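Asker: Pasting the sequence and the predicted model now:
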Amino acid sequence: MLLINIVKKSIWFFVFKLLYYVYVKNVMASKTIRFLNFLLDTIFYLLIMVLFFRIFRDVIDRNNVKWISIIAYFLYYFIFELINGRTLGKIITRSKVVSNTIVGRVTFFQIIGRTFVRLLVLFDALSFLFFQKGLHDWISKTTVVRL
């Protein structure tokens with residue numbers, strides 16, 4: 001019984017310590033880091049697309065380029081953030097997406113929400129000019145933090 005209480009207290013200590021660092025110590029990624037993430041991810045996405053279209057230029061019809069690019073944009077963010085909460089830009093800047101509602105990894109639905117908002121809301125990238133968090137963070141209840 002004593003061991004169970006010690007384990008419970010250790011778990012609660014870890015949870016509160018994590019919440020303390022995320023919210024009290026304010027380890028949220030700054031606007032500069034967020035902009036750098038966006039810039040790096042855009043560069044990586046464009047490089048991937050250029051390589052992809054160069055390799056498959058004889059196979060892909062020009063009318064399908066727009067749709068392939070949109071799907072690739074969605075998959076870039078969705079797959080990277082689903083696997084480990086980090087895109088290539090976030091890996092370089094040592095930042096990560098965390099959930100505001102639960103401690104630990106972001107959920108599948110939070111990643112879907114983040115990615116769809118990025119894709120469908122044209123002014124999402126501009127939302128950082130006016131608010132600390134982007135629209136895709138606010139809607140999906142997530143935060144980007146420094147590691």
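Answerer: Thanks, I have it. Numbers count the residues shown, from 1 in each chain.

Asker: Run through the strands of this structure in chain order.
Answerer: 95-99, 142-146 (DSSP state E).

Asker: Ok, which of these comes nearest Val106?
Answerer: Nearest of these to Val106, taken as Cβ to Cβ: strand 95-99 at 4.7 Å. Backbone N, C-alpha and C define where each C-beta goes, glycine included.

Asker: How far off centre is that closest one?
Answerer: Mean-position distance between strand 95-99 and its chain equals 7 Å (Cα atoms, centre = their mean, to the nearest Å).

Asker: Pairing partners for it, with directions?
Answerer: Here strand 95-99 has these sheet partners by DSSP bridges: strand 142-146 (antiparallel).

Asker: Can you give me the buried ones in the partner strand?
Answerer: Thr142, Thr143, Val144, Val145 (16 or more other Cβ atoms under 10 Å).

Asker: Let me know the average pLDDT across it.
Answerer: The pLDDT scores in strand 142-146 average 88.

Asker: ditto for stretch 66-85
Answerer: 93.

Asker: In this model Val97 seems to touch Lys141, though I could be wrong.
Answerer: No. Lys141 is not in contact with Val97 according to Cβ atoms under 8 Å; the separation is 10.9 Å.
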